[in-house]
Structures are given as structure tokens and as C-alpha cells.
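Colleague: Next comes the sequence, and after it the predicted model I'd like to discuss.
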Amino acid sequence: MRQINWWLLTLDFDVQELRLGNKNHVDVVLKPTTARMEEVVVVGYGTQRVADLYEPLQGRVAGISIRGAKTARSSGKNKGYYNQNGFNTEEYDRITENNFHKVADDPLSTFSIDVDAASYSNVRRFLKSNQLPPPDAVRVEEMINYFHYDYPQPIGEDPFSINTEMSDCPWNSQHKLVMIGLQGKKISAENLPASNLIFLIDVSGSMQGPNRLPLVKSSLKLLVDQLREQDKISIVVYAGNAGLVLPATSGSNKTKIKEAIDELEAGGSTAGGAGIQLAYKTAKQNFIKNGNNRIILCTDGDFNVGVSSNGELERMIEKERESGVFLTVLGYGMGNYKDSKMQILADKGNGNHAYIDGESEAKKVLVNEFGGTMFTIAKDVKLQIEFNPAKVQAYRLIGYENRLLNKEDFNDDKKDAGELGSGHTVTALYEVIPVGVDDEFLKNVDELKYQKKAKASKASGSDEMFTVKFRYKEPNGSESKLIEHPVIDKQIAFEHTSENFRFAACVAEFGMLLTDSKFKSNASFVHVIQTAKNARGKDVEGYRKEFISLVRKADNLKGNKEDEGGDVTIR
């Protein structure tokens, strides 16, 4: 008889030692504890190491029933990222892809903008490590919005310009593709308001390793170099407890700030909730009226002490955001990255979310896009699109699944929505089925017994395809402003559309291929690559060039060899 060490990912469960004896079946019930990860030792026949375990530890494993244990699974050819303890515990909320809605039944589509781009850099991390990302890690709207689009600057008092374009859908010739793009007003660095920034840094044991705390340090030092004398920085850290490492310090004292950052070391458990509470308290103590008051949270999201559940954190953040303090969430690490928690914190904290997978991404987020990341020009930005039933039979919003709103929420100023930063672009795509098309994606229901379908108004006979309505608030405002933008049914061949339209379309197509979308129709990696090559534009930073490399990588990981050419390599 030999001893087997079964390592189980048990989030806060007691250690147990069991002996099988002559039994061939044992039920193991895991009991909660304050410890994060422990070892369950089972005596039996054979030996297996954690590196050999990849399937989720659920159900029976070699005759052992395990209840309450689970791992996060990553797709791909190799076995996925592991944290320093040998586990893959990454967490992603499930994404249920948007379906087509019949305009006759549901003419309004309402959602909040999303300027986050964390999903794209996280997907890139998987692909560069020769893995396909888990489908729930792919948020198509964040992949599209990772890239800058050449929309015109706004004219007049509104803080953003509205841009629309429409053409044939490249992956389904019977459908149309509609693009709605927002361009935020770019404010020059010298005209940005004074900042009260709180660096909230996770220094728990899970942040050990080169792609965690050391990368946090180098990232924040890049940000420190952008600060001015009128800006002030405080540093709060948390592990088992939270503490103030650096009280409010002028941005002109860069050496002192960087020295405080350099002295940070990782170790201990993770009291993330306590850290957040202290950060908000510090921000309010140093609040700058009409300034930029913002917490910058750097973490892997692996909270395990105190307030740590998603529900508790959500309620706490919703309460704290009323103070006028915004929240930027920067995600780090692999193997234990809690993407689902990051999304909640950023969404509920009037903020944004980025995943930092290396120095180049840190430079993009904190230097190249400094204004967009750190300075909000419009908050609670909502869109509501009304489709003309005389022109559009059905529609579906591509992405934004976790940003959908009820139609009544559009006029409700108490309903939270997304923020738009200085110089930011936001792009949304709709796939529409024109009137008269007999389509497989259209499903019928029985006619209603107690009410009749609404009759079309005179406006439905116009050339308008749809009307886009926007609501937004000033950064310190409480009352929203309304903008309406009708769009005429003007047909343009796909090859004659703008580079903005074609590149956004090919990123969406790539996202659908990664998730094996039921709506992908004739989408292909070859078409994505060809379209992207012809829509690269200026691409000063090389992000679109890198995108083409990632598409090739995904194509190969999927087992396709259709496109081997080109001069693009992954950085």
C-alpha cells in the first residue's frame, strides 16, 4: 500500500487525513476553515502529482467522491497557468451570448458603455503562452475597445462625438453590421484637474512572483513620472491587515514616492475589503473639490480575509462611490487571477478595469492612455437604440452581455452606468437582419391571445434605420443630459467602409471564433487576418500588427493551417 497525496483546490476548507483500507469508495466532505489552501491526504494505491491533474476536481476521481472542491479550467493545448501553490484557480463569470431580438416584439436595446479592455490583454496572455483562453474570459466588446479608432473630436458642449456606419455583415451576407462609435474629448495634460490618487496595493502572499508585485511596482513608477506638483499621492497596502504606507505626497516629490513603492514586499493573507475601506477613507480625507479623486487598486483579486465575497464587496463599493471617488482596477498575475471580482469592483466603483500582462501594457494604460484611464469626462453613459420595424426585422448586440440595462433604466438617473475618460473611444456593433430575410436565427412564438401587436407610426416610413439615444452626466453631476442621433439606411459595400469599421468588425469576428459563437456563420481566421491587414491604418504603437499575430496563433492552436504567410510576429 502506498500513500497518495491528492492536492485539492479547497477555498477555505480544513485539512483532513483519511485511510482507505479495503474500501474502494470514500465520500470526502470538505469543512470550512480560515486557511486558503490545504492538502487532503488519502492513503490508497498509486501516485499522482498536481501537475498531472487538470480536469476540474468534481465528482469521482479514482473512486473518491469530492464535494465542494473545484478549479477554474483554461482551454488550450497545455495544462494552463498555475499559481505558486500549483493550482489554477482563475475565476470568470459565465457569459451568455446575446441572442437576436425581433423588432416587432422588442424594438429597444439599452446598455451601458464599457471602456474596459482587460479581456483583450488577458486573452493575449493565454495565446502567447500557447493556450486558447477560456470562453468566459473573452468579452468581445472589451477586445474591440482595446484599440483606438480614428473618430473626429467632438464639436460643441457635449464631451463626445457620435459616429455611425453600416454595411454588409462580413460573416453572414444576409445580415447587416451597424457600428456606433463615441469619441471622448481629449483634454491636454496641462489642463487636467489636480489629482488626489490613492495607490491601493495588494502585498499578500499571492502577489509574489515577477508578474505580480514587481510588475505592480514598475507600473506605478511609470504613472508617478506623469504626475505634476498639484497632484498628490497616498499609498495604502493590504495583506492580513491594511495600512497607510505613504500619506498624501506632492507629485513633485517623485523620489520619495518611488522609494515607498520599492520598499513593498509580498507575504500573508489578503484582507482586500479592509484595504478598500482604508483607501476610500484616505481619499475622502484628501478630497479635492472639482478635482480627480481616484483609487488605483493593483491586485490579483484573490481576497480571502474579512469582506471578500462578491456580494459584500459590491454593496460596499456601491456605498463608497457616492463620495465622488472613482476606482481604477489594475489586474495582475496568473493562475489565481479573479477576473470576476475585478469586473464587479470596477463596474460598481464608477471606474475602469485593465489587465497588466507586462511592461508594454502598463505603458499603454498608464502613460499612453493616461488621460483616458485617470480622468473621467462623462459618467453614467447609457445608450438606447430604437430600431425601425419597416427596415429591421431583428437585431443582436455583439458583446456587452454584462452591461445590458432594462429599457426603463435609460431614463432613471439613479441607475449606474459606465464612465468615459478623456480621449477614450467606445465602439459597439449590432448585427441586424433586414426585413424580408428568411433567417435560421429567427424563432417564432404563438400569437398573443389578449393583446394585438403595436401598429407602426408614420416615422417608420422614413429612411431612418434606427435612432440612437444617449444619456450622460457630468463627472460631478447628478442629472443626465439627452442626445438623439437618427441613422439613415445608407448602404456601403464592406470594402468601401472606413478602417474603423473593418477593423472593429474583424476583432468581433475573432472574438466569435474564440468562443465558438453559434452566430459565427461563415467567420474564419483567414478572413479576420485578411481584413485586419487591410485595415491596420497608422498603427503607431503596433497594436493592430500584434493583433494579426495573435489571430495566427489562435488559428494554429485550433489546429488550422490556412494562413502561414505574413511578416508579423508576436512581440
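Modeller: Yep, that arrived. Numbers count the residues shown, from 1 in each chain.

Colleague: any idea which helix or strand comes after the strand or helix carrying Ala532?
Modeller: Using DSSP states H and E, Ala532 sits in helix 525-533. Sequence-wise, the next helix or strand downstream of helix 525-533 (DSSP H and E) is helix 543-557.

Colleague: Centre of the chain to that following helix, how far?
Modeller: 20 Å (C-alpha atoms, centre = their mean, to the nearest Å).

Colleague: so what secondary structure elements neighbour it?
Modeller: helix 118-128, helix 499-514, helix 525-533 (3 or more C-beta pairs under 8 Å, 6 or more residues apart in numbering; DSSP states H and E). Quick note: C-beta positions are derived from backbone N, CA and C, even for glycine.

Colleague: now for those helices, which one comes closest to Leu192?
Modeller: Closest approach to Leu192 among these is made by helix 118-128 (23.6 Å; C-beta to C-beta).

Colleague: quick one: buried residues of that closest one?
Modeller: Judged by neighbour count (16 or more other C-beta atoms under 10 Å), helix 118-128 contains these buried residues: Ala118, Ser119, Tyr120, Ser121, Asn122, Val123, Arg124, Arg125, Phe126, Leu127, Lys128.

Colleague: I'd say the second one and Pro135 touch.
Modeller: No. At 11.4 Å, Ser119 does not count as touching Pro135 under the criterion of C-beta atoms under 8 Å.

Colleague: which SS state does Glu157 fall under?
Modeller: Three-state call for Glu157 (DSSP: H, G, I helix; E, B strand; the rest coil): coil.

Colleague: So for the residue nearest to Phe547 when sequence neighbours are not counted, what pLDDT did the model give?
Modeller: Computed as C-beta to C-beta, 6 or more residues apart in numbering, the closest residue to Phe547 that is not its neighbour in sequence is Ala532, at 6.1 Å. Here the pLDDT value assigned to Ala532 is 98.

Colleague: now swap in Leu448 and tell me
Modeller: 85.

Colleague: wait, Phe100 sits on Glu440?
Modeller: No. Using C-beta under 8 Å, Phe100 is not in contact with Glu440; the gap is 10.2 Å.

Colleague: Spit out the residues that contact those two alike.
Modeller: Jointly contacting Phe100 and Glu440 under the rule C-beta atoms under 8 Å, 6 or more residues apart in numbering is no residue at all.

Colleague: more neighbours, the two?
Modeller: Using other C-beta atoms under 10 Å, the more surrounded residue of Phe100 and Glu440 is Phe100, with 20 against 7.

Colleague: neighbours around Ala260, how many?
Modeller: 18.

Colleague: give me the element it is part of.
Modeller: helix 254-262.

Colleague: Just the residues contacting that helix, thanks.
Modeller: Everything outside helix 254-262 that qualifies as a contact, by C-beta under 8 Å, 6+ apart, is 199, 217, 220-221, 224-225, 227, 233, 235, 245-246, 249, 251.

Colleague: let's see it at 6 Å
Modeller: The list of residues contacting helix 254-262 from outside it, by C-beta atoms under 6 Å, 6 or more residues apart in numbering, reads Lys217, Leu220, Lys221, Val224, Ile233, Ile235, Val245, Leu246, Thr249.

Colleague: Among those residues, which ones are in helices?
Modeller: Among the contacts of helix 254-262, the members found in helices (DSSP state H) are Lys217, Leu220, Lys221, Val224.

Colleague: I'd like these laid out as JSON lines, including neighbour count.
Modeller: Shown next, in JSON lines, are the ones in helices among the contacts of helix 254-262 (neighbours: other C-beta atoms under 10 Å):
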{"residue": "Lys217", "neighbour count": "16"}
{"residue": "Leu220", "neighbour count": "25"}
{"residue": "Lys221", "neighbour count": "16"}
{"residue": "Val224", "neighbour count": "20"}
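
Colleague: show me where the stretch 301-450 of the chain has helices.
Modeller: Taking DSSP state H, counting those that start in this stretch, the helices of the stretch 301-450 of the chain run over residues 310-320, 339-348, 359-363, 370-374.

Colleague: quick revisit: so which other helices or strands are in contact with the helix holding Ala532?
Modeller: On a contact count with 3 or more C-beta pairs under 6 Å, 6 or more residues apart in numbering; DSSP states H and E, helix 525-533 meets helix 499-514, helix 543-557.

Colleague: For the shortest one, give the mean pLDDT please.
Modeller: Looking back up the chat, that one is helix 543-557. For helix 543-557, the per-residue pLDDT averages 97.

Colleague: Kindly export it (C-alpha atoms) in CSV.
Modeller: The C-alpha trace of helix 543-557 is given here as CSV (Å, rounded to 0.1, in the frame of the first residue of the first chain):
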residue,chain,number,x,y,z
TYR,A,543,-1.2,47.0,-31.5
ARG,A,544,-3.0,46.1,-34.7
LYS,A,545,0.1,44.4,-36.1
GLU,A,546,0.3,42.3,-32.9
PHE,A,547,-3.4,41.5,-33.2
ILE,A,548,-2.8,39.8,-36.5
SER,A,549,0.0,37.7,-34.9
LEU,A,550,-2.5,36.6,-32.1
VAL,A,551,-5.1,35.6,-34.7
ARG,A,552,-2.5,33.4,-36.4
LYS,A,553,-1.5,31.9,-33.1
ALA,A,554,-5.2,31.1,-32.3
ASP,A,555,-5.7,29.7,-35.7
ASN,A,556,-2.7,27.3,-35.2
LEU,A,557,-3.9,26.3,-31.7
